[in-house]
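In: let's see this in three dimensions:
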Amino acid sequence: MSKTNNNIQHIAVAGNIGSGKTTLAHLLSKHYGWEVQLEDMDDNPYITDFYDDMQRWSFNLQVYFLNVRFNNIQKIRKNQKPVIQDRTIYEDARIFAPNLHAMGLMSTRDYDNYIALFESLNQMIQPPDLLIYLRGSIPTLVKQIQQRGRDYEDSIRLDYLKRLNERYEAWITTYKQGRVLILDIDEIDFANDANDANQVINKIEAELNGLF
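Out: Numbers count the residues shown, from 1 in each chain. Below you'll find the model as predicted:
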């Protein structure tokens with residue numbers, strides 16, 4: 001780890017459902033000795049209900065995520081060690097909530113309320129030093145979702161996944177808060193291929209060295 005990397009405090013991994021965010025976060029944590037902040041779905045009180053009835057639980061779920069991620073960012077900035085974050089607060093506000101609203105699964109009243117709350121909180125947070133975006137096609141995402149076998153993900157609709165992917169691609173082209181590294185998971189299997197994992201580490205190292 002180079003000296004410039006000692007200035008790094010917050011690395012965030014973004015990507016659609018099934019893109020491998022948690023796997024990459026653990027890989028980087030092991031390689032660099034950084035702390036990892038995971039998206040803990042097992043303790044989420046809304047996630048199972050949400051996938052059973054998205055329209056009923058969409059607002060509750062998004063507010064829950066917003067609160068958790070805001071508090072996590074506050075903790076990251078107070079931490080003395082680099083932290084790798086699994087999914088960002090921006091994805092909730094720029095991708096998931098707008099998608100739910102567009103699909104008629106969140107009312108305009110709830111959506112406007114949610115966005116207003118996000119914009120208030122957004123003024124009080126710092127963006128990550130480096131955002132790593134995991135880009136993947138729908139077949140690759142579906143394959144990886146099936147491989148991890150989470151029961152609550154069995155009911156994910158394909159059109160829902162496709163819409164999210166379209167919004168991710170639109171969002172990443174407009175993200176200007178900081179440095180971005182895009183990794184194509186259709187071409188790089190960092191979870192199972194040691195050479196691909198090393199390639200990813202080298203790309204990340206190049207980005208980190210160029211930050212300061």
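
In: count of neighbours near residue 115?
Out: Residues lying near residue 115 (other C-beta atoms under 10 Å) number 17. All C-beta spots, glycine's among them, are computed from the backbone N, C-alpha and C.

In: pretty sure it sits against residue 100.
Out: No - Residue 115 is beyond contact range of residue 100, at 11.8 Å (criterion: C-beta atoms under 8 Å).

In: report all helices and strands that the top helix by length along the chain contacts.
Out: Taking DSSP state H as the criterion, the chain has its longest helix at helix 54-78. If contacts are counted by 3 or more C-beta pairs under 8 Å, 6 or more residues apart in numbering; DSSP states H and E, helix 54-78 sits against strand 10-15, strand 35-37, helix 47-52, strand 83-86, helix 89-91, helix 97-102, helix 108-122.

In: apart from its chain neighbours, what residue comes closest to residue 55?
Out: residue 105 (4.8 Å; C-beta to C-beta, 6 or more residues apart in numbering).

In: most tightly packed of the helices and strands packed on helix 54-78?
Out: Highest mean neighbour count among these (mean count of other C-beta atoms under 10 Å): strand 10-15, with a mean of 26.

In: in its sheet, which strands sit next to that one, and in what direction?
Out: strand 83-86 (parallel), strand 130-135 (parallel) (DSSP bridges).

In: re the thing from before, the residue nearest to residue 55 and residue 132, how far apart?
Out: Using C-beta to C-beta, to the nearest Å, residue 105 is found at 28 Å from residue 132.

In: kindly report the same for residue 18.
Out: Separation of residue 18 from residue 132 (C-beta to C-beta) stands at 16 Å.

In: which residue lies nearest the spatial centre of the chain?
Out: With distances taken as C-alpha atoms, centre = their mean, residue 87 lies nearest the centre of the chain, 2.1 Å away.

In: backbone dihedrals for that one, please?
Out: Taking degrees, to the nearest 10, you get phi 80, psi 150 for the backbone angles of residue 87.

In: ranking the strands paired with strand 10-15 by mean pLDDT, which is last?
Out: Among the strands paired with strand 10-15, strand 83-86 carries the lowest mean pLDDT, a mean of 93.

In: dump it to PDB, restricted to CA.
Out: Written as PDB, here are the backbone C-alpha positions of strand 83-86 (Å, rounded to 0.1, in the frame of the first residue of the first chain):
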ATOM      1  CA  VAL A  83     -13.600   2.100   5.200                       C
ATOM      2  CA  ILE A  84     -15.000   0.300   2.200                       C
ATOM      3  CA  GLN A  85     -18.800   0.900   1.900                       C
ATOM      4  CA  ASP A  86     -21.100  -1.600   0.300                       C
END
